[in-house]
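Chemist: With the input below, show me the fold.
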Amino acid sequence: MAKNDKNTAHSPTFLKQIEETLLLEKEKLEKELSKLGSKDPDAIDAKFPDYGDKDDENAAEVAEYITNIPLEDNLQKNLRDVTQSLKRIADGAYGICKYCQKPIEEKRLLARPTSSACVECKKAIVQEA
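Modeler: Next up, the predicted model:
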């Protein structure tokens, strides 16, 4: 539950709604990662499938393994974003742009609860890249 002892830009009700969304997403991501064999959230740990010893089975194993590595990496990045967002809620810093320190619009946070930048700053960063 959010401490909210800092002056946040969003209501406790809104923060609770976002926190619940993030907790559900965290559970889902952890479940997906466990299916891939990942135990360390900072290391690619995908299970190598075992279909058999025939050439076509070996090829299928390699293909699945190669597919799972970027999938696992993406899931881990999403899990880190969710975990960081939950920490910002607990610290009372959620919903404040990390670049300009202005409140992030609730519409943006509802669409992407892990956002740490306002639309204006995100646009500026993307244009620089």
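
Chemist: how about stretch 108-117: buried residues?
Modeler: By neighbour count on 16 or more other CB atoms under 10 Å, the buried set for stretch 108-117 is R108, L109, P113, T114, S115, S116, A117. C-beta: built from backbone N, CA, C; applies to glycine.

Chemist: any chance of the residues you listed in JSON lines, with distance to H10 too?
Modeler: JSON lines is the format used below for those (distance: CB to CB, whole Å):
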{"residue": "R108", "distance to H10": "11"}
{"residue": "L109", "distance to H10": "8"}
{"residue": "P113", "distance to H10": "12"}
{"residue": "T114", "distance to H10": "15"}
{"residue": "S115", "distance to H10": "12"}
{"residue": "S116", "distance to H10": "14"}
{"residue": "A117", "distance to H10": "15"}
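
Chemist: Can you tell me which of these end up in helices?
Modeler: R108, L109 (DSSP state H).

Chemist: And the furthest pair within the buried residues of stretch 108-117?
Modeler: Taking CB to CB as the measure, these span a maximum distance of 13.2 Å, between P113 and A117.

Chemist: Helix or strand with the lowest mean pLDDT in the protein?
Modeler: Least confident helix or strand, the chain: helix 55-91 with a mean of 81, by mean pLDDT, DSSP states H and E.

Chemist: Show me the shaky parts of the chain.
Modeler: Counting by pLDDT under 70, the chain shows low-confidence ranges at 1-8, 38-66, 68, 129.

Chemist: could you redo the last one with a cut-off of 50?
Modeler: Applying pLDDT under 50 to the chain flags residues 1-6.

Chemist: count of residues packed around K87?
Modeler: 11 (other CB atoms under 10 Å).
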